[in-house]
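**Student:** what's the 3D shape of this:
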Amino acid sequence: MPRLGPAARWAGKTSAADLSEIRAIADDPMNPQSGIRPGPRLYILTPAVSDGAALAGVLAEILRAVDVAAVLLRLPDADERRLINRVKAAAAGVQGAGAALLVDGRPDIIARAGADGAHLAGPDALRAAVRTLKPNYIAGAGALRSRHDAMVAAEAGADYVMFGEPDADGHHPSRDAVVDRVAWWAELFEIPCVGYATALDDIDALAAAGADFVAVGDALFDDPRGPKAAAAEAATRLEVTETTT
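**Tutor:** Predicted coordinates:
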């Protein structure tokens, strides 16, 4: 299987024509959407753990079991070399499974670590990182606390916007607020939208609202059944939504 580029892994497409289309959409965030969207895909946020090998093993189990569009690697504080090594430890397995590997922040290490892009917290961080990341790497935008923040991020070059992820203190918006934001975005804009599911039960509503991707983090890794079983349930919920919408 050929190694896919960042945009191809993220979008699940591989042809040059498809990649050109993806980039054209990202370059025009105010373009009204056609009304036709593929079924939502799974986006996984890892816990911030220092044992990269153990995490890589867990991710490998998940990726063998279900379709995953992207994995966002959250890194604990460490020196730059250790951070790069932790990303490299996860990259081969994630990318080999056809998913994009993104890093939470740290756009400065993306190229050296072999990741596909970075997830930036807020429009200001995105603006600062875009020149470093584009056009070879994905620049995602999160921590968008208002509709205005989301539109500013889109205009600054975000490849996707995420709504609902917890802040640094673990607080997050209500499910209704996130569903409302996702529905608003999906109706008006072409840039992909990621809806964060605080619980697996949130997946159905986010997918039905028009999310292109549904992100699951703690709800997956803290599930008493284990991450693989939780991921399987998440994937099943997305499949049901796709066949009934």
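**Student:** Make sure residue 55 is actually in contact with residue 44.
**Tutor:** No. Contact criterion CB atoms under 8 Å: residue 55 and residue 44 do not qualify, at 11.0 Å. C-beta: built from backbone N, CA, C; applies to glycine.
**Student:** Below-threshold pLDDT in the chain: ranges please.
**Tutor:** 1-37, 241-245 (pLDDT under 70).
**Student:** tell me the helices in this protein, going along the chain?
**Tutor:** 6-11, 16-27, 52-65, 80-96, 110-113, 123-133, 147-156, 175-188, 203-209, 218-221, 227-244 (DSSP state H).
**Student:** Output the third one as CSV, restricted to C-alpha atoms.
**Tutor:** Taking Å, rounded to 0.1, in the frame of the first residue of the first chain, the C-alpha atoms of helix 52-65 are listed here in CSV:
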residue,chain,number,x,y,z
GLY,A,52,4.8,6.1,23.7
ALA,A,53,5.3,2.4,23.1
ALA,A,54,2.3,1.5,25.2
LEU,A,55,0.1,4.1,23.5
ALA,A,56,1.3,2.9,20.1
GLY,A,57,0.2,-0.6,21.0
VAL,A,58,-3.3,0.6,22.0
LEU,A,59,-3.6,2.7,18.9
ALA,A,60,-2.6,-0.3,16.7
GLU,A,61,-5.4,-2.4,18.2
ILE,A,62,-8.0,0.4,17.5
LEU,A,63,-6.7,1.0,14.0
ARG,A,64,-6.9,-2.7,13.1
ALA,A,65,-10.5,-2.8,14.3
